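> no sequence for this one, just the structure:
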């Protein structure tokens, strides 16, 4: 058994990593960028509204679908022409509604509001949820929390006001309560992620490999409830319309599929490779976040927030060693934002945004499986159970 002094020394070492000056430096650099870009983006929205048109971004079709549902025309959300009229963004700007009926229920309150207050409320709630989710993993390190919350990789999710913040917060909460031996609550939170099901292809595999059967049952029941209850509102015809929309969208995106990434047995594999329990849990979180990025057929730049979380967990566990973990975190912390800004000004950058996200994420996943982090003095022996 470890002495109190050894445990206290390990706890103090954990609080000292990653270096506080670096985290405060990243925060100091990122906050002005985030504020300026948010104000610039908001100014563009206001200018577009002043012209009599709704701003064109990823929140717009979600808001427009909510408007159609409030007008008793939920299936019209799948009609590109009807959705375009509801968006009122101007000519030749097609967007698509691709969410299950639970997503439409979520958007109905926002569709009842004018665009600008709906966008501000959506963005504010998402940012609060994102911040709260991260705070559970950094209770004693406000510097690390702030650096991660305002990471450039997370800014596209904030600027484009997409669902990534809500999903990331829900996933972080599920991981936290699962580690706290509350499997049913974790299952309920995971079931809520089915509002965007294509991101979670690996979650059932990961839970089955971990033997988290009560979590699987709770997630399944939650998903079924979230599917059945909105069906009573919108009718059974919603489902064939949704599947047809997904098939059409898949045809539009053919050839853009990313690598799949399996996660069977990650935790025991990492324990056998020399990780302690804390490191193995962090490694499992790294693999899960990497799987979120690598398993869907395609992602958008605002989904880079999940690859940044893979870097966040790798940093905490020092995957690959301190220097490598820090370098990968900074790379994923920065994410595709520089290329996004260049794109705003019409500067083409090819596949650079994808490469800057995928390559470090793959490297994090590989290092997670090949090399253990710095060992903690208070590690449990390999034969101990969590």
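Structure's in. What do you need? Since this is a predicted model, take the numbers as computed values, not measurements. Residues are numbered from 1 along each chain as shown.

> which residues sit against stretch 21-28?
Stretch 21-28 has contacts (C-beta atoms under 8 Å, 6 or more residues apart in numbering) with 141, 143, 144, 146, 147, 150, 151, 326, 330, 333. Yep, even glycine has a C-beta here, placed from its N, CA and C like the rest.

> rerun at 6 Å
143, 144, 146, 147 (C-beta atoms under 6 Å, 6 or more residues apart in numbering).

> Would you mind listing the buried residues in that stretch?
Of all the residues in stretch 21-28, those buried under the rule 16 or more other C-beta atoms under 10 Å are 23, 26, 27.

> again with stretch 24-41
Neighbour count says stretch 24-41 has 26, 27, 30, 34, 37, 41 buried, by 16+ other C-beta under 10 Å.

> mind checking which helix or strand the last one is in?
Element membership for residue 41 (DSSP states H and E) is helix 20-50.

> Heading C-terminal from that helix, find the next helix or strand.
Next along the chain after helix 20-50, with elements defined by DSSP H and E, is helix 59-70.

> What are the buried residues along that following helix?
59, 60, 61, 62, 63, 64, 65, 66, 67, 68, 69.

> Now render those as CSV, adding distance to residue 184.
Listed next are those as CSV, based on distance: C-beta to C-beta, whole Å:
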residue, distance to residue 184
59, 33
60, 37
61, 34
62, 30
63, 34
64, 36
65, 32
66, 31
67, 36
68, 35
69, 31
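
> Which parts of the stretch 201-350 of the chain are helices?
203-209, 213-234, 238-252, 266-272, 277-294, 304-317, 322-334, 337-344 (DSSP state H, counting those that start in this stretch).

> Just give me the lowest mean pLDDT stretch among those.
Ranked by mean pLDDT, those bottom out at helix 266-272, with a mean of 43.

> Out of the helices of the stretch 201-350 of the chain, which gets nearest to residue 78?
Residue 78 sits nearest to helix 238-252 of all the helices of the stretch 201-350 of the chain, at 4.8 Å, using C-beta to C-beta.

> tell me the angle that closest one makes with helix 213-234.
If you take axes from the mean of the first three to the mean of the last three C-alpha atoms, to 10 degrees, helix 238-252 sits at 110 degrees to helix 213-234.

> Buried ones among the contacts of stretch 21-28?
Among the contacts of stretch 21-28, those buried by neighbour count (16+ other C-beta under 10 Å) are 143, 144, 146, 147.

> Can you tell me which of these is nearest residue 213?
residue 144 (33.7 Å).

> where in the stretch 1-150 of the chain is pLDDT low?
1-16, 90-94, 139 (pLDDT under 70).

> Check the nearest residue to residue 221 once chain neighbours are set aside and give its pLDDT.
Closest residue to residue 221 apart from its sequence neighbours, by C-beta to C-beta, 6 or more residues apart in numbering: residue 191 at 7.1 Å. pLDDT, residue 191: 89.

> Report the contact partners of residue 191.
Applying C-beta under 6 Å, 6+ apart, the residues near residue 191 are 219, 222, 223.

> Work out for me the element it sits within.
Using DSSP H and E, residue 191 falls in helix 183-192.

> residues in contact with residue 203?
Applying C-beta under 6 Å, 6+ apart, no residues contact residue 203.
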